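Asker: need the 3D shape of this:
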Amino acid sequence: MSNIEDNYNRLLDRILTACVASNRDPRDIELLAVSKTKSVDVITQAITLGLVQFGENYLQEAVEKTQQLQQYDLHWHFIGRIQSNKCKLITDEFSWVQTLDRPKIATRLNRLHSKPDPLNVLIQVNLDADANKGGVDRVGAAELLEQLLSLPNLVPRGLMTILAKSTDSRAGYDSVAQLHLELGRQFASDLSQWDTLSMGMSADLEDAINAGATMIRVGTDLFGARNS
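Answerer: Below you'll find the predicted structure:
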């Protein structure tokens, strides 16, 4: 077996163990392969294992990959900071945006999106007020979700978070999961697919799954150390 296959099998074991411990169905957990800095050949190895969800931070690098891998039925997720002048490329190349945290960007993505299917978006939340990362607080999440419901080319699917290193992962993920539940109830009559909670990475995926994550984002523990 290749290193990626070995790593993938270990990840599946961890996910299964976490699901058993938290009384969850492992089929409810999606693995997003964070493939930034990884080559097309490496990504192709992951595809042969059955992975179809890939996350990219760096737009120009990602576009080269999406164009070279068009023959595969893949779902590309943009998970980096969004610049206004990059919105058109993002809507052209990605089916998901996980890092939406500004009304201005939401409006621009909606205006520039021209594909038949709407763009799936997650609201990035920053409940631990980490100045080093993007995201909105509880009030901001509700306000942004309300705006998204008026934008026909975007479909709000849920929340995404990256915890500060100093935050206790179990408490942090529980808090985000509670917000996801509250927003789902508040806007229940207007939401069609509020089904995604993207949180948890290599180091803390067990706590994320225990809290209710439906998607975990893994790079290093799948592909190995990041290329410079």
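Asker: show me where this structure has helices.
Answerer: Applying DSSP state H to the chain gives helices spanning 3-21, 40-48, 59-68, 87-93, 103-112, 138-148, 169-186, 205-211, 220-223.
Asker: what does stretch 120-138 rub up against?
Answerer: With Cβ atoms under 8 Å, 6 or more residues apart in numbering as the test, stretch 120-138 has contacts from 81, 95-101, 106, 109, 141, 143-145, 148, 154-164, 166-167, 172, 175-176, 179, 196, 198. The C-beta positions use only the backbone N, C-alpha and C, and glycine is treated the same way.
Asker: at 7 Å what do you get?
Answerer: Contacts to stretch 120-138, defined as Cβ atoms under 7 Å, 6 or more residues apart in numbering, come from residues 81, 95-101, 141, 144-145, 148, 154-164, 167, 172, 175-176, 179, 196, 198.
Asker: mind listing what's buried in it?
Answerer: Within stretch 120-138, the residues that count as buried by 16 or more other Cβ atoms under 10 Å are 120-128, 130, 133-136.
Asker: in strands only, show me those residues.
Answerer: Counted as lying in strands by DSSP state E, out of the buried residues of stretch 120-138, are Asn120, Val121, Leu122, Ile123, Gln124, Val125.
Asker: so what pairs up with the second one in the strands?
Answerer: Translated: Val121. With DSSP bridges applied, Val121 shows beta-bridge pairing to Val97, Pro156.
Asker: which regions of the chain sit below the pLDDT cut-off?
Answerer: 1-2, 226-228 (pLDDT under 70).
Asker: from the contacts of stretch 120-138, keep the buried residues only.
Answerer: For the contacts of stretch 120-138, buried by 16+ other Cβ under 10 Å: 95-101, 141, 144-145, 148, 154-163, 167, 172, 175-176, 179, 196, 198.
Asker: who's in contact with the residue lying closest to Trp76 once chain neighbours are set aside?
Answerer: Nearest non-adjacent residue to Trp76, counting by Cβ to Cβ, 6 or more residues apart in numbering: Phe94, 4.7 Å away. Counting by Cβ under 7 Å, 6+ apart, Phe94 makes contact with Trp76, His77, Phe78.
Asker: turn the residues you listed into JSON lines, including distance to Phe187 and neighbour count.
Answerer: As requested, those are exported to JSON lines (distance: Cβ to Cβ, whole Å; neighbours: other Cβ atoms under 10 Å):
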{"residue": "Trp76", "distance to Phe187": "27", "neighbour count": "22"}
{"residue": "His77", "distance to Phe187": "23", "neighbour count": "25"}
{"residue": "Phe78", "distance to Phe187": "24", "neighbour count": "26"}
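Asker: no further questions, thank you.
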